[in-house]
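S.K.: fold the following.
(2 chains)
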Amino acid sequence: MYQEVLERFLRHKVAVVGGVALSIIILAAIFAPYVSPHDAFKQDIANTRQPPDSTNLFGTDAFGRDVLSRIIWGGRVSLAIGFLAMLLSSVIGVTIGSLAGFYGGGAEWLLMRLTDMFYSIPALLLILILVAVFGPGFWMTVLAIGLVFWPATARVVRAEFLKIRSEPYVEAAQALGASPSRLIFLHFLPNAMAPLIVQMTLQLAQAIVLEAGLSYLGLGAQPPFPSWGNILAEGHMHLRTAPWIATFGGVFIWITVLSFNFIGDGLRDSLDPSLIGR
Amino acid sequence: MRAHVMRRLIAAVFMLLGVTVTIFIIMEIAPGGPEMMFVAEDMGFERVEEIRRRMGLDQPPHIRYIRWVSAAMRGDLGRSLTGAPLPVTSLIAERFGATGLLMGTSIVLAVVFAVILGVISPVFQYSWLDRITTLYAYFGMSFPPFWLGIMLILLFSVILGWLPSSGMTRYGEELDVVSRLQHLALPVVTQATMWLGVYTRFIRASMLEVLHSDYVRTARAKGLAEQVVLFKHALRNALIPFITILGLSLPSMVAGSVWVETIFAWPGLGRLIVQSVNRRDYPVIMGVCLVVSCAVILANLIADIAYSLVDPRISYD
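M.R.: Got it, this is the predicted structure:
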């Protein structure tokens, strides 16, 4: 089965391009100390706001630091926050969606109204309240994004569970006396995996944009640690004298998000061929 | 029909209840507490108790919640903690128009263009126009709004010098329509670009589905003019589900306007909340969140009722 999925995915050209681009960005972020051409933190007052040239490919910032190196290091923070936040929201979303979809009845009604509620409050506002109350920072950003992002996942999981609930193999397992936890983990979740993976991919992209947006507002990861968002904020400040900072800083966010969206599309088509064209 | 509207109304009331409780709980578990704004280090215990009593903080949480909500319903959201202690409601009222103008113009612009592109592109399915539209929908959706805004400033105000990069008016200037439109241009384009992508994608898919339906085939078989088929039969039906999408996109649109207003120094609610978060001005944050959430829930309620009104095929009873 995995062989087939992989083959179909590889035939999806944009998804492959997205995958390659993303792999490069992720690898660069992981091996930042080895691949960044210059020291991302060392200030060089004699060399501030230099336009891109052969030594500083993307130019230097207002403190004379190499922009490319800062983007590579910034990828660490941005990708890590995006990934962890997605993980947290998936755990919450899968738990709530599973319970609602599996048990049905009053529990489902209550959980889904809770989901609707979180869906209708603008997520960014809730995040801003949380950050205002507890102060910004790496873990706060993960927590805040994770805590408000789960409703979409919960909806996807519940919808899948509803479909699976009436499948013959579930009835068979129930007739054999399978416990609820066995049913959920062995029968329901594996069969809900395809849409869940797609959902997680798309959410990772959204979480990265949100993180960048929060650090742009100065409410995410805090300097001197570079993140894509605060590189962008700095670039905006020096837009007239050093436009390359904001330009290159944003290009990386954009490519990353675009790649995730492409991969999500490719995964959707390859995991469930019946959905192609929808 | 009436039963459906009633059900939605009740659901909306419960949602509002949930929203207020959520905001209240977060503020409740905040370290310190609202009184910390007024407490100095050398104050005695009794003095602090006195402040707490005067702020009503010695009451149990449920009483304070009820007080807060009933005051909010009377239009009293408390006063700003920083700067001049202005009532939160007047701060919000002051900014509401600016946000409304920005969001309203962006939505209208995005919907108009999305309908045009969404109708034309499926008619010429697989043509270059269709391809460009789908491609655009993809790229537009992936643009981080804050980056797009900065890049537009770079191009149109720094390099070309055609448009102002921030604010609503020039300093010390009377209201002038041309200048207002110039200031509006970049923020609106930034906001509309993202939504144009999402909307176009949806209308295109919806049109494609409708164009392959039986009643469109019947209309064509009757020998109706193609325009009549397209606009009277197909478009009308394709737009019905779009009402829901429009309602559902509101929360993210609010998020988008927080960034757009910050980038372009647009004096609206989004900028107000970012400033208040930086100053930890709790009453203002709570007030803005409450007002915006209410507006979103109300808009969704209207979208939902409109949906059942325009599509007689849908019955809920």
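S.K.: going by C-alpha atoms from here, please, whenever you check contacts or count neighbours.
M.R.: Fine.
S.K.: what residue is smack in the middle of the chain?
M.R.: Just going to use chain A. A centroid search over chain A (Cα atoms, centre = their mean) returns A:Leu204, at 1.5 Å, as the residue closest to the centre.
S.K.: try again with chain B
M.R.: The structure's chain B has its C-alpha centroid closest to B:Val254; by Cα atoms, centre = their mean the separation is 3.2 Å.
S.K.: how about the residues of the stretch 51-200 of chain A near chain B?
M.R.: Counting by Cα under 8 Å from any Cα of the partner chain, the residues of the stretch 51-200 of chain A close to chain B are A:113, A:116-117, A:120-126, A:128-134.
S.K.: contacts only, for the residue in the stretch 51-200 of chain A that chain B sits nearest to.
M.R.: The stretch 51-200 of chain A approaches chain B most closely through A:Pro122 (4.3 Å), counting by Cα to the nearest Cα. For A:Pro122, the contact set (Cα atoms under 8 Å, 6 or more residues apart in numbering or on different chains) comprises B:250-252, B:254-255, B:293.
S.K.: so how far is A:Ile92 from A:Trp150?
M.R.: Using Cα to Cα, to the nearest Å, we find A:Trp150 at a distance of 6 Å from A:Ile92.
S.K.: these two: which has the busier surroundings?
M.R.: Set A:Trp150 next to A:Ile92 and count neighbours by other Cα atoms under 10 Å in any protein chain shown: A:Trp150 wins out with 27 against 19.
S.K.: pLDDT on the helix or strand hosting that one, on average?
M.R.: The secondary structure element spanning A:Trp150 is helix A:138-165 (assigned by DSSP states H and E). The average pLDDT for helix A:138-165 rounds to 88.
S.K.: for the next helix or strand after that helix, name the packing helices and strands.
M.R.: Using DSSP H and E, the helix or strand that follows helix A:138-165 towards the C-terminus is helix A:168-175. Here helix A:168-175 is seen to pack against no other helix or strand when contacts are counted using 3 or more Cα pairs under 8 Å, 6 or more residues apart in numbering or on different chains; DSSP states H and E.
S.K.: which non-adjacent residue is nearest B:Gly197?
M.R.: Beyond its immediate neighbours in the sequence, the residue positioned closest to B:Gly197 (Cα to Cα, 6 or more residues apart in numbering or on different chains) is B:Ala137, lying 3.8 Å away.
S.K.: B:Ala265 belongs to a strand?
M.R.: No: counting by DSSP: H, G, I helix; E, B strand; the rest coil, B:Ala265 is not found in a strand; it is coil.
S.K.: what is the neighbour count of it?
M.R.: Residue crowding around B:Ala265 was assessed by other Cα under 10 Å; the count is 16.
S.K.: B:Ser166 is in contact with that one, correct?
M.R.: Yes: proximity of B:Ala265 to B:Ser166 meets the contact threshold set by Cα atoms under 8 Å, at 5.2 Å.
S.K.: chain A: which of the contacts of A:Pro122 is nearest?
M.R.: Chain A has its nearest neighbour among those in B:Pro251, at 4.3 Å by Cα to the nearest Cα.
S.K.: quick revisit: filter the contacts of A:Pro122 to the buried ones?
M.R.: When the contacts of A:Pro122 are checked for burial by 16 or more other Cα atoms under 10 Å in any protein chain shown, the buried set is B:250-252, B:254-255, B:293.
S.K.: dump the residues you listed to TSV, plus pLDDT, distance to chain A and secondary structure.
M.R.: Shown next, in TSV, are the buried ones among the contacts of A:Pro122 (pLDDT from 0 to 100; distance: Cα to the nearest Cα, whole Å; DSSP: H, G, I helix; E, B strand; the rest coil):
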residue	pLDDT	distance to chain A	secondary structure
B:Leu250	82	8	helix
B:Pro251	80	4	helix
B:Ser252	80	6	helix
B:Val254	83	7	helix
B:Ala255	81	5	helix
B:Ser293	85	5	helix
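S.K.: can these go into a markdown table with extra columns for distance to A:Phe31?
M.R.: Listed next are the buried ones among the contacts of A:Pro122 as a markdown table, based on distance: Cα to Cα, whole Å:
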| residue | distance to A:Phe31 |
| --- | --- |
| B:Leu250 | 40 |
| B:Pro251 | 37 |
| B:Ser252 | 34 |
| B:Val254 | 37 |
| B:Ala255 | 33 |
| B:Ser293 | 43 |
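S.K.: return the backbone torsion pair for A:Ala242.
M.R.: According to degrees, to the nearest 10, the main-chain angles of A:Ala242 amount to phi -140, psi 70.
S.K.: the nearest residue to B:Ala185 once chain neighbours are set aside: what secondary structure?
M.R.: In space, B:Ala185 comes closest to B:Leu163 once its chain neighbours are excluded; the distance is 7.8 Å by Cα to Cα, 6+ apart. For B:Leu163, the assignment made with three-state DSSP gives coil.
S.K.: neighbours of residue 80, how many?
M.R.: Picked chain A for this. 18.
S.K.: um, chain B though
M.R.: Burial of B:Ser80, expressed as a neighbour count using other Cα under 10 Å, amounts to 20.
S.K.: so it sits right up against B:Ile285, yeah?
M.R.: No: contact criterion Cα under 8 Å: B:Ser80 and B:Ile285 do not qualify, at 9.4 Å.
S.K.: got a list of what the residue nearest to the centre of chain A touches?
M.R.: For A:Leu204, the set of contacting residues under the criterion of Cα under 8 Å, 6+ apart consists of A:82-83, A:85-86, A:260.
S.K.: can you give me the helices in chain B?
M.R.: The residue ranges that make up the helices of chain B, judged by DSSP state H, are B:2-28, B:45-54, B:61-73, B:88-123, B:128-142, B:145-153, B:177-211, B:214-221, B:226-227, B:236-248, B:250-263, B:269-279, B:282-310.
S.K.: what's the least confident stretch among these?
M.R.: Lowest mean pLDDT within the helices of chain B: helix B:45-54, at a mean of 74.
S.K.: what segments of the stretch 51-200 of chain A are helices?
M.R.: Using DSSP state H, counting those that start in this stretch, the helices of the stretch 51-200 of chain A run over A:67-103, A:105-120, A:123-134, A:138-165, A:168-175, A:180-182, A:189-191, A:193-216.
S.K.: mind putting the ones you listed into TSV with distance to A:Thr48?
M.R.: Listed next are those as TSV, based on distance: least, Cα to Cα, whole Å:
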stretch	distance to A:Thr48
helix A:67-103	11
helix A:105-120	45
helix A:123-134	33
helix A:138-165	28
helix A:168-175	65
helix A:180-182	60
helix A:189-191	54
helix A:193-216	21
